[in-house]
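*Asks:* predicted model, plus sequence, below.
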Amino acid sequence: MKYTIEKAEKSTVKITIELNKEEWKGAIDTAYEKTKGKYSLPGFRKGKVPKNFLVSTYGEGIFYDDAINYAFPKYYGEILDKETTLEVIAQPEVEIKDLTAEGLTILATVAVKPEVKLGAYKGITYKKNVYNVTDEDVNEELTRLQERNSRLVDVTDRAVADGDTVIIDYSGSVDGVKFQGGTAEKQSLVIGSKTFIPGFEEQVIGMNIGEDRDINVKFPEEYHAEELKGKDAVFAIKLHEIKAKELPEINDEFIKDAVGTESVEAYKAETKARLEKQAQDRADRELEDEIIKNITKNTEVEIPEALIENQKDRMVQEMEYRLSYQGLKLDDYLKYIGKTMDDFRADYTEQATEYVKSQLVIEQIIADEKVDATEEDVEARVAEMAKAQGKEIPDVKKHMNARQLDYIKNDIIIKKLFDLLKSGNTIE
């Protein structure tokens, strides 16, 4: 087998593979052995027809497709094993250039990891944001805890007020004609949540249990239903129930029941420490993002389309997962926003390109600086995990698979990378 490798545009290479007569015959013989079970001819049991009889009956090309399907992966794999500097990043596009009984020539065009010419990444001054945690921030967390532990109580002695939860029937119409989706019974609605059409909730305020009322609203111009955009509508409302939120009193007993902390002051101290850790993590992430963006901006790299398309695949898949949690399908969502899948993918082009470029930058710096995670690093991380879980190290390790260990190793490498980048620059 002879082959040549030629650089092409957009970080791709063209690999020409030539099989001589003997190699091509070997591939055909292998194809016959692998597929002979599906052939039959008069006078022979199925799978027992000699090769020469099949060739004389159907022609020499009968095994060509199967022979190519066998030969290409075999010889292509041998080339990649030999050419260790060739970092293939996508499946090849295969073209048959020459095919006869005398031999086979295949052209494989494949994307490879591009050359990355890094911009400067040391000796630069960066400003790090500082986020201070105030007593007000802590009190807001306490209020949210109080809200999460609130309960709804029935109200019978007054009219609806802002913040109440009401149970209503409603029936909407435009020009006296009811429209699809505009009718419901025993619907729960939080007044002030702004989940209904603008102006709807405000007009429920002041209603009493058992009261009927007509509410006049106007659908927004950007409303999703084309036939209702900008239309005036009337909703006939009947109020069944009023419920008010009852908040628990904030005291040591409430805190202990809600989160297990002994007192309000202890909870505030724990909360402040947690918020400060979050603030520090946020500032670190923003600084790291800024460093990578700056290096990426000044880096030269020709990104293969295959890498961008692969990243788009992941982004679309992530969107599909998020929608599924809301009970939606991606196809239905695309119809709702009026876009085709091609349009949707095109929207991700810039974001996908920037992400791929930043990843290539990170990988190149790691390679140039020889950043790695040692066995001792991994052992120390596992020990931290064991301590946090209150377990012995062997108990934690025995439940870890290779993928989890790779994740830990990669996380250590990334942390070392950013430690290196921060120490090599000035952080104000």
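*Replies:* Everything's here; your move.

*Asks:* what's the burial count for the closest residue to Glu185 other than its chain neighbours?
*Replies:* With sequence-adjacent residues excluded and distances taken as Cβ to Cβ, 6 or more residues apart in numbering, Glu185 is closest to Asp169, at 4.8 Å. Every C-beta, even on glycine, is put in place using the N, C-alpha and C of the backbone. When counting by other Cβ atoms under 10 Å, one arrives at 15 neighbours for Asp169.

*Asks:* buried residues in the helix or strand hosting Asp169?
*Replies:* For Asp169, the enclosing helix or strand under DSSP states H and E is strand 165-174. Counting neighbours by 16 or more other Cβ atoms under 10 Å, one finds that the buried residues in strand 165-174 are Thr165, Val166, Ile167, Ile168, Tyr170, Gly172.

*Asks:* what sits against the first one?
*Replies:* This means Thr165. Contact analysis of Thr165 by Cβ atoms under 8 Å, 6 or more residues apart in numbering lists Leu152, Ser188, Leu189, Val190, Ile191, Ile242, Lys243, Ala244, Lys245.

*Asks:* these two touch, right, Thr296 and Gln359?
*Replies:* No: using Cβ atoms under 8 Å, Thr296 is not in contact with Gln359; the gap is 9.5 Å.

*Asks:* anything in contact with each of those two?
*Replies:* In contact with both Thr296 and Gln359: no residue, using Cβ under 8 Å, 6+ apart.

*Asks:* if we can go back for a sec, mind putting the buried residues of strand 165-174 into TSV with distance to Lys7 and pLDDT?
*Replies:* Converted to TSV, these look like this (distance: Cβ to Cβ, whole Å; pLDDT from 0 to 100):
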residue	distance to Lys7	pLDDT
Thr165	67	95
Val166	70	96
Ile167	70	97
Ile168	70	96
Tyr170	67	96
Gly172	65	93
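
*Asks:* dump these into a markdown table; add distance to Thr134 as well.
*Replies:* Below are those laid out as a markdown table (distance: Cβ to Cβ, whole Å):
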| residue | distance to Thr134 |
| --- | --- |
| Thr165 | 32 |
| Val166 | 36 |
| Ile167 | 39 |
| Ile168 | 40 |
| Tyr170 | 43 |
| Gly172 | 45 |
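
*Asks:* and the residues you listed, which is closest to Gly182?
*Replies:* Gly172 (3.2 Å; Cβ to Cβ).

*Asks:* and the closest one, what are its bridge partners?
*Replies:* Beta bridges link Gly172 to Phe235, judged by DSSP bridges.

*Asks:* who's in contact with it?
*Replies:* Residues near Gly172 by Cβ under 8 Å, 6+ apart: Lys178, Phe179, Gly182, Thr183, Ala233, Val234, Phe235, Ala236.

*Asks:* let's see 10 Å
*Replies:* The neighbours of Gly172, taking Cβ atoms under 10 Å, 6 or more residues apart in numbering as the test, are 178-184, 197, 200, 215, 217, 219, 228, 233-237.

*Asks:* filter these down to the buried ones.
*Replies:* Buried members of those, counted by 16+ other Cβ under 10 Å: Phe179, Gly182, Ile197, Phe200, Ile215, Val217, Phe219, Leu228, Ala233, Val234, Phe235, Ile237.

*Asks:* which of the contacts of Thr165 sits closest to Ala306?
*Replies:* Within these, the smallest distance to Ala306 is 48.6 Å, found for Val190 (Cβ to Cβ).

*Asks:* mean confidence (pLDDT) on stretch 81-94, please.
*Replies:* For stretch 81-94, mean pLDDT rounds to 91.

*Asks:* can you check stretch 337-346 too?
*Replies:* Here stretch 337-346 scores 93 as its mean pLDDT.

*Asks:* and that stretch, end to end?
*Replies:* Distance across stretch 337-346, first residue to last, is 14 Å (Cα to Cα, to the nearest Å).

*Asks:* mind listing what's buried along the helix or strand of the chain with the lowest mean pLDDT?
*Replies:* Counting by mean pLDDT, DSSP states H and E, the chain has its least confident helix or strand at helix 51-58, which shows a mean of 86. With burial defined by 16+ other Cβ under 10 Å, the residues of helix 51-58 counted as buried are Lys51, Leu54.

*Asks:* could you list the residues in contact with whichever helix or strand comes after that helix?
*Replies:* Counting by DSSP H and E, the element after helix 51-58 in chain order, helix or strand, is helix 64-82. The contact list for helix 64-82 (Cβ under 10 Å, 6+ apart) reads 1, 3, 5, 15, 17-19, 23-35, 61, 63, 86-88, 92, 94, 96, 99-101, 104, 106, 108, 110.

*Asks:* now helix 64-82: buried residues?
*Replies:* Neighbour-count burial for helix 64-82, counted by 16+ other Cβ under 10 Å, picks out Tyr64, Asp66, Ala67, Ile68, Tyr70, Ala71, Phe72, Tyr75, Tyr76, Ile79.

*Asks:* in this structure, which helix is the longest?
*Replies:* The single longest helix within the chain, with elements called by DSSP state H, is helix 264-297.

*Asks:* show me where the protein has its helices.
*Replies:* In the chain, the helices defined using DSSP H lie at 21-35, 51-58, 64-82, 135-148, 200-204, 252-259, 264-297, 305-325, 330-337, 341-347, 349-369, 375-389, 393-397, 402-423.

*Asks:* packing partners for the fourth one?
*Replies:* Read that as helix 135-148. Contacts defined by 3 or more Cβ pairs under 10 Å, 6 or more residues apart in numbering; DSSP states H and E place helix 135-148 against helix 252-259, helix 264-297.
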